[in-house]
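Asks: Dropping a prediction and its sequence here:
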Amino acid sequence: MLPHNRLPVVIALIAIGLLASLVLNWSAPDVNLMSLSFELSGRTLLGFVLVGLVWAGVDLALRHHPQIESGSLGVLPIGWILPTAWIVAAWFLLPSSSRVAVQVVGVTAVCALLVLTTTAEYHVAYPKTRWRAGAQFALRLTTYLAAILLYTAIQLGITPRSVAALAVAVASAVLAWRLCAGDDRTAPRLRTLQINELASLERTALAHWLLFAALGILAAASSWLFGLWTKPPLLFGLVLAVLLYLGVGLLKQFLLRTLTQRVVVEYLVVGVAVLLLLFFAH
């Protein structure tokens, strides 16, 4: 069972932190670090604290699983990805509305998503857990929802195009890893990233990591291109989410050695049709 006596405390602290970041006025002192000057506001520091709380809460839940041995999760559990995405998206999106009711509903939705994804990650952490298939399906759906929210948040909250493209690249690569690692067919080596094993990765596994990086670079280039005429942030997020779906689908087919010309054409036809529907609907 999930640690019900501790996880709600973590969720409550996250909710308080998100509300505090919206209500309190934070000063932004200048920070000088090795001749590099930048502003570091209290709200930004609070954001890092919230991410740390999320990591601690998810780590606590996963390591509390009775069928998982201590230390078997590694140093970078994949279960951290979606909860972190909810916090980052909320940090950027919630201040875009000045209505208190909308902000409270947004914080409540984030907490609900945190509970949902943490519970789902708990059930998929062990292969013989009941409800594992349903939890995997829920995590796939919420990963694409997280992608839409993250891309929308990037379009809203990051003005420099180069920085926004970099953020899109990182988000796309990490989410693509999450989607492939959540699939039992493509995840024998991707369940956790053991830092001390990087030097001994086989060439095939290393090539897989390079593929995720390449997918992130393609997503960044697409965001730069579509950002020139796709002004509404939500439409921008939907377009990039569709491209992520296409990229991950083709990547999975490649990893499974089932990628053929017909499969590529099918994915491209579906992708173009969905993109046209999005643009015409707008």
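Replies: Here it is on my side, so go on.
Asks: So Y245 is in contact with Y144, correct?
Replies: Yes: counting by C-beta atoms under 8 Å, Y144 is a contact partner of Y245 at 6.6 Å. (C-beta placed from N, C-alpha, C; glycine too.)
Asks: Quick check, pLDDT for the residue most central in space within the chain.
Replies: Centroid-nearest residue in the chain: A85, 4.1 Å away (criterion: C-alpha atoms, centre = their mean). At A85, the model reports a pLDDT of 93.
Asks: what does S27 give?
Replies: pLDDT, S27: 63.
Asks: How about F137?
Replies: We have a pLDDT of 87 for F137.
Asks: residues of the helix or strand containing it that come out buried?
Replies: Element membership of F137 [criterion: DSSP states H and E] is helix 132-157. Buried residues in helix 132-157, defined by neighbour count with 16 or more other C-beta atoms under 10 Å: 132, 135-136, 138-140, 142-157.
Asks: distance between that helix and the chain's centre?
Replies: 7 Å (C-alpha atoms, centre = their mean, to the nearest Å).
Asks: Show the average pLDDT along the helix or strand hosting L45.
Replies: Secondary-structure element containing L45, defined by DSSP H and E: helix 42-63. For helix 42-63, the mean pLDDT works out to 80.
Asks: Also compute the angle for the next helix-or-strand element following that helix relative to helix 132-157, please.
Replies: Sequence-wise, the next helix or strand downstream of helix 42-63 (DSSP H and E) is helix 81-93. Here helix 81-93 runs at an angle of 30 degrees relative to helix 132-157 (axes from the mean of the first three to the mean of the last three C-alpha atoms, to 10 degrees).
Asks: quick one: helix 81-93 to helix 42-63, angle?
Replies: If you take the same axes, to 10 degrees, helix 81-93 sits at 160 degrees to helix 42-63.
Asks: one step back: packing partners of the helix holding F137?
Replies: helix 81-93, helix 100-124, helix 161-181, helix 233-255 (3 or more C-beta pairs under 8 Å, 6 or more residues apart in numbering; DSSP states H and E).
Asks: Compute the inter-axis angle for that helix and helix 100-124.
Replies: With the same axes, to 10 degrees applied, the angle from helix 132-157 to helix 100-124 works out at 140 degrees.
Asks: out of the helices and strands packed on helix 132-157, deepest packed?
Replies: Comparing these by mean neighbour count (mean count of other C-beta atoms under 10 Å), helix 81-93 ranks first with a mean of 23.
Asks: Centre of the chain to it, how far?
Replies: That offset, for helix 81-93, works out to 7 Å (C-alpha atoms, centre = their mean).
Asks: Cross-check the contact I'm expecting between S96 and Q155.
Replies: No: assessed by C-beta under 8 Å, S96 is found out of contact with Q155, at 10.8 Å.
Asks: I'd like to check what contacts stretch 239-250. Which residues are they?
Replies: Contacts to stretch 239-250, defined as C-beta atoms under 8 Å, 6 or more residues apart in numbering, come from residues 144, 147-148, 151, 168, 172, 175-176, 179-180, 215, 218-219, 222-223, 226, 230, 259, 263-264, 267-268, 270-271, 274-275, 278.
Asks: one more time with 6 Å, if that's ok
Replies: Residues outside stretch 239-250 that contact it (C-beta atoms under 6 Å, 6 or more residues apart in numbering) are 144, 147-148, 151, 172, 176, 179, 215, 222-223, 226, 267, 271, 274-275.
Asks: can you list contacts of stretch 10-18?
Replies: Here stretch 10-18 makes contact (C-beta under 6 Å, 6+ apart) with L46, L50, L53, G57, A90, V107, C111, L114.
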